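K.L.:
structure for this input, please:
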Amino acid sequence: QVQLVESGGGLVQAGGSLRLSCAATGPIFSIDVMAWYRQPPGKERELVAGITRGGSATYVHSVKGRFTISRDDAKNMVYLQMNSLKPEDTAAYYCNADIRESLIRRRGYWGQGTQVTVST
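P.N.:
Okay, here's the model as predicted:
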């Protein structure tokens, strides 16, 4: 079955950087939009960044200029480079992908999440 597995989270000081990775595995025909969401403690999950198959990216306002989303379709991977991290970026980060297992079988998948903690 299709799975998304994130990696790269951890503890970092404010101003530091982290790079999150997400690998999609299983019977994949193609992947449309890939995205990163985050859920801070006690808050709702929010979209951080998304990228289309053509490479068009969108970001939530609070991370523009600091975060960069990218993808490698040959490896079925999506990345989130996070620079100038702030304590308010602390959250569980989740990978999301719109995956086609065939021309007619398509659904969204979530990873299990990776924790990012930014200390002052």
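K.L.:
strands of the protein, residue ranges please.
P.N.:
Under the criterion DSSP state E, the chain contains strands at 3-7, 10-13, 18-25, 30-39, 46-51, 57-59, 67-72, 77-82, 91-100, 106-110, 114-119.
K.L.:
so what strands line up beside the shortest one?
P.N.:
Yep, that's strand 57-59 we're talking about. Within its sheet, and counting by DSSP bridges, strand 57-59 is paired with strand 46-51 (antiparallel).
K.L.:
got the contact list for the partner strand?
P.N.:
Residues from elsewhere that reach strand 46-51, judged by Cβ atoms under 8 Å, 6 or more residues apart in numbering: 33-39, 57-60, 63, 67, 69-71, 78, 80, 93. C-betas here are computed from N, CA, C, even on glycine.
K.L.:
by how many degrees do it and strand 67-72 diverge?
P.N.:
50 degrees (axes from the mean of the first three to the mean of the last three Cα atoms, to 10 degrees).
K.L.:
export strand 46-51 to PDB, keeping only CA atoms.
P.N.:
C-alpha atoms of strand 46-51 as PDB (Å, rounded to 0.1, in the frame of the first residue of the first chain):
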ATOM      1  CA  GLU A  46      -2.600  24.400   8.800                       C
ATOM      2  CA  LEU A  47      -1.200  24.300   5.400                       C
ATOM      3  CA  VAL A  48       2.400  25.500   5.400                       C
ATOM      4  CA  ALA A  49       3.400  25.000   1.700                       C
ATOM      5  CA  GLY A  50       2.300  23.100  -1.400                       C
ATOM      6  CA  ILE A  51       3.800  22.300  -4.700                       C
END
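K.L.:
now that strand, how far from the centre of its chain.
P.N.:
In this view, strand 46-51 has its centroid 7 Å away from the chain centroid, taken as Cα atoms, centre = their mean, to the nearest Å.
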